[in-house]
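Participant: Next input, structure requested:
(one chain, ligands or ions: 4)
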Amino acid sequence: MAEQFTSACPLNCWDSCGFYVTVEDGKVKKVEGDSNHPITQGKICSRGRMLETKTNSKERLLYPLKRINGKFIEISWNQALDEISQKLKEIKDQYGTTAVLHSHDYANNGLLKNLDKRFFNCYGGVTELVGSICWGAGIEAQTWDFGQSYSHTPEDIYYSKHIVIWGRNVARTNMHLFQHLQEAKKRGATITVIDPIFNATAKIAHQYISVKPGMDGLFALGIAKEIVALGLEDKKFIQLYTHGYEDFLQLLNQTSWEEIIEITEVKRETFTKLAHIYTSGPTTTYLGLGMQRYENGGNTIRLIDALIAISGNVGVQGGGANFGNVQVGQSFDISALALPEQKTAHRTFSMMKQAEGILTAKDPEIKMIMVTCGNPLSQVPDTNMVRKAFQSTETVVVIDHFMTDTAQEADYVLPTTTVFEETDIYYSSMYHAYMNYGQAIVSPPGEAKSDLWIWTELAKRLGFGHYFDHSVDEFLKMGLGKLEAKGYTLERLKEQKHLLLPVQEVPWKEKRFKTPTGKYEFTSLAAEKKGLDGKLKKLFPKESYANNPALAKKYPYNLLSIHPMRSNHSQHYPLIDNLQSIKIEVSEDIAREKGLKENEQVRVFNERGEIEGILKILKKAHGKTINIDEGQWRKFGGSVNMLTSNEESDNKLGSILYDCLVDIEKVFKE
Ligand SMILES: Nc1nc2c(c(=O)[nH]1)N[C@H]1C(S)=C(S)[C@@H](COP(=O)(O)OP(=O)(O)OC[C@H]3O[C@@H](n4cnc5c(=O)[nH]c(N)nc54)[C@H](O)[C@@H]3O)O[C@H]1N2
Ligand SMILES: Nc1nc2c(c(=O)[nH]1)N[C@H]1C(S)=C(S)[C@@H](COP(=O)(O)OP(=O)(O)OC[C@H]3O[C@@H](n4cnc5c(=O)[nH]c(N)nc54)[C@H](O)[C@@H]3O)O[C@H]1N2
Ligand code: SF4
Ligand SMILES: [Mo]
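Facilitator: Ligands and ions are numbered 1, 2, ... in the order given. Okay, the predicted model is just below:
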């Protein structure tokens, strides 16, 4: 008999949806949107619906595997856990615990996924990754400006007169914001989309502005210059609540219109139009991750924040600089789960440069890599170097659902459970503030085990099993921490399935910022404390004509690698036949310049690597722009990250994935 359960989406996504899941004969049959969930309102995307296919896939890993003489053979859990824990013991005795690297990303939004940190901290402290390939540059930038990166509640959009979508592919990556956009438009708000690609969001906009990739900082600076020239800046806000405005003014005065127009490739009148949009608000800005994935990415987000601040859109209903919403994650007690005080040794690599770290680390060298919730051989920049690094390491352990590109390089592959086979609380620090409850509703196939079970078994063998001697509910309560006393109890959550966390709906309403001065900082003291320049600047991407004309001559095109429509990163490619080839999208001018036609086989290349695929023409894209969606598997043509750079953003905490120059040519088959 079919039964319906309430559950939640675990995927790393803005929307963090609620689900209805139909189960029949012990199998998941259907995943639908929870019509009771205030954000989801019954609608989910195909990635969420396909979690049914993922859970039931014949390709799932079912047994622990060990590589022997280049081949994977099935072994028992006892053998796998005994051998891995023995290696962990030996490494600790011989080299110290930091000879182990924990490589991860955030592929699952579950609260209990933080228990991997508990394991590694109780083990003694391993080499950890810092920064974020995803949003690191922008989060740090907003931390410098406001003290934290906070967003307005989704419904606040209905107070906005104007909506600016800046480098966020809303229709594809943030579907419930897209629904709000359509409704807000009906109610009279104007929509402006700023993006080098004319995407599905641009189609519903009143105006679409195409900026040269990576030059948005200068575009924001130009709008701010026009606002000041017209005398439209919010003088009271600037005077009472900001620090360092003179430095910003000086930058505006030092930058000429000729330079701004030439470099951004935006017309002069567009700056005036935007100056009026920003000062006749309230105007809300939804910043995406696009323009911060450049070497100048932190500074770019800071210049956009500065524009939002001087135009009077900070701390007001219908305004806002909506990028991340870290107040959601900050509601939980992650330390109670992770026990950072247990570690006695510590070393960090930047997430972007983990391969370089592995290849060059001394005292101790990296002897073992353990991978959880990540697929670095597809997702981390410069994957050719990542492959070399993983291949050079004695022992690699990967915990996953599928035989990914990373698992292919492992010595031990451990099969883990999917969302419907384990119990957790799910939330996202990106958009709304609901936490959702998802319980185990089917049994795992084969011998797949939860990450928590694996940590517990390894901890027992290493002599610190008592730290894992708790039930799932006890761990969840630990993670809820102070929320429980405020009435956000596990019992209530189990009953209601989702609860709105107590966060600010309109951040910075009181105009008290979490910066060192307590003000909005145009010049950042937090940056200066870190030994970095806190002033706003005029910066360009690392791989641009302005910074490296020789490189730009050799490799004249900007390669973007945006998120795929139907896959969450690398996760859905093995499940969808017609995703299993590479599509190379180019702006019309490139096709013309190079004499390339739709559906021809082409090769995109730079010094780091090359990739082949079928050419598609991108209508209305910014000149000299190419896109290859990220996440592709090696067996289907390979990851676009073979071409991307592992450098860090200006503020050190982000990637420069889209800061990537390439050339393209037709492939002649014999
Ligand atoms: N379908 C789908 N949805 C997802 C994901 C997925 O993999 N698939 N992943 C989730 C995750 S983890 C994240 S982080 C979010 C990311 O969500 P988004 O921020 O929407 O992610 P991106 O794919 O990077 O797309 C950003 C947009 O920025 C544009 N862009 C690139 N460079 C520039 C630039 O220099 N200036 C400007 N103005 N725009 C630029 C791109 O053309 C693109 O339209 O999406 C989440 N949602
Ligand atoms: N070129 C380029 N590269 C990018 C991006 C881009 O836009 N362009 N986007 C970047 C961004 S925004 C992000 S967030 C990263 C994402 O990078 P990743 O998080 O590494 O990518 P995913 O493919 O989502 O997932 C990684 C693996 O985690 C596994 N997994 C899922 N749930 C669990 C679980 O509960 N336990 C365990 N043990 N494993 C699990 C999945 O099966 C999958 O194989 O990629 C980044 N890389
Ligand atoms: S991937 Fe995002 S939009 Fe799709 S169901 Fe999950 S949370 Fe919702
Ligand atoms: Mo991300």
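
Participant: Can you name the element that comes right after the lengthiest strand in the chain?
Facilitator: For the chain, the strand with the greatest residue count under DSSP state E is strand 610-618. Downstream of strand 610-618, the next assigned helix or strand under DSSP states H and E is strand 625-627.

Participant: Could you pull up the mean pLDDT of that next one?
Facilitator: Mean pLDDT, strand 625-627: 98.

Participant: What helices and strands are in contact with that strand?
Facilitator: strand 557-560, strand 583-587 (3 or more CB pairs under 8 Å, 6 or more residues apart in numbering; DSSP states H and E). (Glycine included, C-beta is placed from N, CA and C.)

Participant: so which of the ones you listed comes closest to ligand 1?
Facilitator: Nearest to ligand 1, of all these, is strand 557-560, at 4.9 Å by CB to the nearest ligand atom.

Participant: what does that closest one contact?
Facilitator: By CB atoms under 8 Å, 6 or more residues apart in numbering, the list of residues contacting strand 557-560 from outside reads 196-197, 212-214, 290, 586, 590, 604, 606, 622, 624-628, 640, 643-644, 658, 660-664.

Participant: Return the most buried member of the helices and strands packed on strand 625-627.
Facilitator: Of all these, strand 557-560 has the most neighbours on average by mean count of other CB atoms under 10 Å, namely a mean of 26.

Participant: Would you give the sheet partners of that one, along with the direction of each?
Facilitator: Paired strands of strand 557-560, with direction, are strand 625-627 (parallel), strand 661-666 (antiparallel) (DSSP bridges).

Participant: what about Gln86, neighbour count?
Facilitator: Other residues near Gln86 come to 12 when the count uses other CB atoms under 10 Å.

Participant: what secondary structure does the residue in the stretch 301-450 of the chain positioned nearest to ligand 1 sit in?
Facilitator: Closest approach between the stretch 301-450 of the chain and ligand 1, counting by CB to the nearest ligand atom: Met430, at 7.2 Å. At Met430, secondary structure determined by DSSP: H, G, I helix; E, B strand; the rest coil is coil.

Participant: excluding its backbone neighbours, what's nearest it?
Facilitator: Trp14 (4.5 Å; CB to CB, 6 or more residues apart in numbering).

Participant: tell me the phi and psi of the one you found?
Facilitator: phi -60, psi -40 (degrees, to the nearest 10).

Participant: Tell me if I'm right that it and Tyr431 touch.
Facilitator: Yes: using CB atoms under 8 Å, Trp14 makes contact with Tyr431 at a distance of 4.3 Å.

Participant: joint contacts of these two?
Facilitator: Residues touching both Trp14 and Tyr431 (CB under 8 Å, 6+ apart): Asn174, His176, Leu177.

Participant: Now intersect these with the helices, please.
Facilitator: His176, Leu177 (DSSP state H).

Participant: Neighbour count, pLDDT and distance to Ile358 added to the shared contacts of Trp14 and Tyr431, as CSV?
Facilitator: Shown next, in CSV, are the shared contacts of Trp14 and Tyr431 (neighbours: other CB atoms under 10 Å; pLDDT from 0 to 100; distance: CB to CB, whole Å):
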residue, neighbour count, pLDDT, distance to Ile358
Asn174, 23, 98, 34
His176, 25, 98, 39
Leu177, 25, 98, 38
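
Participant: got the contact list for the longest helix belonging to the chain?
Facilitator: Counting by DSSP H, the longest helix found in the chain is helix 77-94. Helix 77-94 is contacted by residues 64, 66, 97, 99-100, 123-124, 367-368, 395, 397, 412, 414, 447, 449, 454, 457-458, 461-462 when judged by CB under 8 Å, 6+ apart.
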